[in-house]
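**Student:** Next come a sequence and a model predicted from it.
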Amino acid sequence: MALSRSHRVTMNDGNTIPVLGFGTYAPRSVPKSETVMATKVAIEVGFRHIDGAFAYENEKEVGQAIQAKIADGTVTRKDIFCTGKLWSTCHRPDLVRPALEETLKNLQLDYLDLYIIHSPISLKPGKEMYPMDENQKPIGYSVDLRDTWEAMEKCKDAGLVKSIGVSNFNRRQLEMILNKTGLKYKPVCNQVECHPYLNQSKLLEFCKSKDIILVAHSALGTQRDPQWVDEKAPVLLEEPVLGAIAKKHNRSPAQIALRYQIQRGVVVLAGSRSEKEIKENFGVFEFQLTPEDIKVIDGLNRNFRYYTLNEFQEFPNYPYNDEY
Ligand code: FJU
């Protein structure tokens, strides 16, 4: 993988993406002002790729930070690679462009660099992010994701977004898009959970064979938000093997986990609201892992998923019942 000076790689549509991105998800309990602060710090220390989502309910704050860093001359719009995500209640084709326009307005941008379908699970359209029935069960919705994809293609043709992709799709779901009759644009990426405990080697191989970039979310093992993650889940950054490799290189376990992805051709996301950690995470370009280090980290795989969404296994399009 040829890395340019700005740490970018080229996608299947000719656009480039920085291989390290800043994650902006924060649990509901985190004050929104922290998102503004953290995103500004990220841009100050060198992050040029910012991963956001309508569902995170902090797009306005992310936009505020980006605008502030453009206004003070740190970056220009073109330096920044900004990702947004189409939420599951907006899969119906006529809802796609309005959803994107709302995201653009929140971010104060006139285009996105990348817009991706957040999840293959479709939810009932409406105001609520998680529509529930009287038994507090989420209400699904039936829509052909190939039609959603066609609406995504139209957003690219309209110039509202430079590239389009998907997230949390399994191989079968990716193939459904790739084999679509009249497909105009392939997804440039599939953003999925990926870290040493779930290294996605099979999905990565498949994506590489189709020139689709695998983007790693939860690459540092998640924030362990109790809303989504089992409190008994192992803490990735306390993994002794990562600790030993970190010690050998005089680096942190987080830097090892991020560098691992970059060296195997994965674009990797890292979120933090600590200035020290944000700086540290950007230090991944200052060292290299050996092929032996990579092999040892590959050996940590245990197909362990933090975001299982187990309660939704019966939902149509639940992605994690297939092997990969
Ligand atoms: C959480 C944090 C960050 C993300 C279908 C039904 C229900 C929930 C899907 C979901 C998700 C996601 C959670 C999430 C996330 C997601 C019913 C309650 N939740 N896609 O992304 O980026 O799918």
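**Tutor:** Received, thanks.

**Student:** going forward, measure contacts and count neighbours with C-alpha atoms only.
**Tutor:** Fine.

**Student:** Contacts only, for the residue of the stretch 151-300 of the chain found nearest the ligand.
**Tutor:** The ligand sits closest to W228 of the stretch 151-300 of the chain, with a gap of 6.5 Å, by CA to the nearest ligand atom. Residues near W228 by CA atoms under 8 Å, 6 or more residues apart in numbering: Y306, Y307, T308, L309.

**Student:** Buried subset of those residues as a PyMOL selection?
**Tutor:** Buried subset of the contacts of W228, written as a PyMOL selection, criterion 16 or more other CA atoms under 10 Å:
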select buried, resi 306+307
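
**Student:** between the contacts of W228, which is nearest the ligand?
**Tutor:** Among those, and counting by CA to the nearest ligand atom, the member closest to the ligand is L309, at 6.6 Å.

**Student:** May I have the predicted confidence score for the closest one?
**Tutor:** L309 carries a pLDDT value of 93.

**Student:** The nearest residue to it once chain neighbours are set aside: which element?
**Tutor:** The shortest distance from L309 to any residue other than its chain neighbours is 7.3 Å, reached at W228 (CA to CA, 6 or more residues apart in numbering). Using DSSP states H and E, W228 is not contained in any helix or strand.

**Student:** ok, then the element right after the strand or helix carrying W149?
**Tutor:** Assigned by DSSP H and E, W149 belongs to helix 145-157. The helix or strand immediately downstream of helix 145-157 is strand 161-167, counting by DSSP H and E.

**Student:** Which elements pack onto the helix or strand just after that following strand?
**Tutor:** Reading on from strand 161-167 to the C-terminus, the next helix or strand found by DSSP H and E is helix 171-178. Other helices and strands packing on helix 171-178, by 3 or more CA pairs under 8 Å, 6 or more residues apart in numbering; DSSP states H and E, are helix 145-157.

**Student:** So which elements touch the helix it packs on?
**Tutor:** helix 93-107, strand 161-167, helix 171-178.

**Student:** deepest of those, which one?
**Tutor:** strand 161-167 (a mean of 24; mean count of other CA atoms under 10 Å).

**Student:** Sheet partners, orientation included, of it?
**Tutor:** strand 112-117 (parallel), strand 189-193 (parallel) (DSSP bridges).

**Student:** Give me the contact list for that strand.
**Tutor:** Residues contacting strand 161-167 (CA under 8 Å, 6+ apart): 13, 15, 111-120, 152-153, 155-156, 186-192.

**Student:** Flag the shaky bits of this protein, pLDDT-wise.
**Tutor:** 1-5 (pLDDT under 70).

**Student:** Helices of that one, start to end?
**Tutor:** With DSSP state H, the ranges of helices along the chain come out as 32-45, 59-71, 93-107, 145-157, 171-178, 201-209, 240-249, 253-263, 275-281, 291-298.

**Student:** got a list of contacts for the third one?
**Tutor:** Applying CA under 8 Å, 6+ apart, the set of residues contacting helix 93-107 from outside is 54, 59-64, 84, 86, 90, 110-112, 147-148, 150-152, 155.

**Student:** The same query, at a cut-off of 6 Å, please.
**Tutor:** E59, K60, G63, C90, T148, A151 (CA atoms under 6 Å, 6 or more residues apart in numbering).

**Student:** now L109: how far from Y307?
**Tutor:** Distance from L109 to Y307, counting by CA to CA, to the nearest Å: 30 Å.

**Student:** Mind listing the residues bridging to V9?
**Tutor:** Here V9, judged by DSSP bridges, has bridge partners I17.

**Student:** can you list the residues of this protein near the ligand?
**Tutor:** Y25, H118, S119, I121, Y130, P138 (CA under 6 Å from any ligand atom).

**Student:** if you set the cut-off to 5 Å instead, what comes out?
**Tutor:** S119 (CA under 5 Å from any ligand atom).

**Student:** hmm, back to that, any chance of the helices and strands packed on helix 145-157 in TSV, with distance to R8 too?
**Tutor:** As requested, the helices and strands packed on helix 145-157 are exported to TSV (distance: least, CA to CA, whole Å):
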stretch	distance to R8
helix 93-107	23
strand 161-167	15
helix 171-178	24
